[in-house]
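1. model this:
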Amino acid sequence: MAAAIAICVISVAGFVQGLTGFGFGLVSVALLPLVLPFKEALFLLAILNLPVCALTLYATRHHFTWRRGLTLTLGATVGVPIGFYALVHFDSGLLLRLLGTVLCLFALHELFLSRRVRLRFPSWAGFPIGIVSGALGGSLNAGGPPVIAYVYSQDWAKEEIVAVLQLVFGVSALIRVALIGQSGLLHAELGRLSLLALVPLIGGITLGNRLLRRVQLPALKTGVFSFLLLMGAKYLLTTNPIH
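-> Numbers count the residues shown, from 1 in each chain. All right, here's what the predicted structure looks like:
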């Protein structure tokens with residue numbers, strides 16, 4: 001039953017990704033710990049992030065330039081092992097509350113501040129922001145917020161932004177999967193679940209892409225961030241986290 005619910009969650013997260021261009025990691029990581037052990041949920045998402053990033057990067061490949069994403073990617077390669085060490089060695093309850101904090105801060109910013117206060121980062125900040133993103137991705141699969149804030153503060157085309165995000169997230173996911181395999185934490189059941197979820201995930205992304213022009217995205221994004229805020233509050237305040 002838990003595996004079936006997890007696949008449904010992944011499908012919904014893929015749908016949100018296809019519909020809005022963001023959200024697979026955040027929606028998945030907000031819901032999967034309800035049905036799977038926290039660390040196993042993050043391992044599963046590390047695997048499934050690879051096809052999500054690969055599909056999106058392929059779709060935007062003509063707008064991709066290494067120059068845009070190089071410093072972010074280099075920073076992420078440094079940060080992911082740091083975050084992964086925290087994931088393996090820190091208590092799940094502590095990590096779950098940290099996840100709640102990240103979700104709440106990101107959701108609050110998007111709901112109330114993003115239209116009034118636009119963060120602006122100099123180009124040289126790419127490397128340290130990449131480190132922060134990699135560390136959050138390696139430990140919580142929530143490395144998106146700092147990178148998203150950085151790229152949207154640059155004077156780049158929308159397609160370039162999407163391509164750079166997929167590069168950073170894809171490289172981070174690849175390093176996480178390698179670290180999981182090297183650590184002996186990638187067991188057969190987790191691999192089987194990722195394979196079972198792959199087709200529903202692609203189906204969710206495809207459906208979201210097809211409905212993209214029929215949905216009022218501002219209202220949808222408000223709903224998604226409100227949901228993330230509620231889930232973040234749950235994990236931040238919970239007294240009985242999943243181990």
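2. all contacts plus neighbour counts: C-alpha atoms, from now on.
-> OK.
3. ok, residue 62 - how many residues close by?
-> Counted with other CA atoms under 10 Å, the neighbours of residue 62 add up to 11.
4. and it, what's its pLDDT?
-> Here the pLDDT value assigned to residue 62 is 75.
5. and what of the one 3 residues further on?
-> Taken from the predicted model, the pLDDT recorded for residue 65 is 75.
6. neighbours around it, how many?
-> Around residue 65 there are 12 residues (other CA under 10 Å).
7. now for it: which residues touch it?
-> 160, 164 (CA atoms under 8 Å, 6 or more residues apart in numbering).
8. so residue 175 versus residue 82, what's the distance?
-> Applying CA to CA, to the nearest Å, the value for residue 175 to residue 82 is 11 Å.
9. what of residue 208?
-> Residue 208 is 34 Å from residue 82, by CA to CA.
10. quick one: low-confidence parts of this protein?
-> Scanning the chain for pLDDT under 70 picks out 20-22, 115-119, 212-213, 215-217, 239-243.
11. swap the cut-off to 50 and go again
-> 239, 241-243 (pLDDT under 50).
12. okay, now the closest residue to residue 151 other than its chain neighbours: neighbour count?
-> Among residues not flanking residue 151 along the chain, residue 161 sits closest, at 6.2 Å (CA to CA, 6 or more residues apart in numbering). Number of residues near residue 161 (other CA under 10 Å) recorded here: 21.
13. in stretch 5-12, what counts as buried?
-> For stretch 5-12, burial by neighbour count (16 or more other CA atoms under 10 Å) applies to 6, 7, 8, 9, 10, 11, 12.
14. element containing the third one, please.
-> This points to residue 8. Following DSSP states H and E, one finds residue 8 within helix 2-20.
15. next, the angle from the following helix or strand past that helix to helix 2-20.
-> Sequence-wise, the next helix or strand downstream of helix 2-20 (DSSP H and E) is helix 24-31. Angle, helix 24-31 to helix 2-20, by axes from the mean of the first three to the mean of the last three CA atoms, to 10 degrees: 140 degrees.
16. contact partners of helix 24-31?
-> With CA under 8 Å, 6+ apart, helix 24-31 has contacts from 9-10, 13-14, 16-17, 41-42, 45, 49, 103, 140-142, 228, 231-232.
17. same thing but at 6 Å, please
-> Helix 24-31 is contacted from outside by 13, 14, 17, using CA atoms under 6 Å, 6 or more residues apart in numbering.
18. how far does it sit from its chain's centre?
-> Helix 24-31 has its C-alpha centroid displaced from the chain centroid by 7 Å (CA atoms, centre = their mean, to the nearest Å).
19. mind exporting the C-alpha coordinates of that helix to CSV?
-> What follows is helix 24-31, C-alpha atoms only, in CSV (Å, rounded to 0.1, in the frame of the first residue of the first chain):
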residue,chain,number,x,y,z
PHE,A,24,8.7,17.9,-8.6
GLY,A,25,11.3,17.8,-5.8
LEU,A,26,9.5,20.0,-3.4
VAL,A,27,6.0,18.4,-3.7
SER,A,28,7.5,14.9,-3.5
VAL,A,29,9.7,15.6,-0.5
ALA,A,30,6.7,17.3,1.2
LEU,A,31,4.5,14.2,0.8
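20. cheers, nothing more for now.
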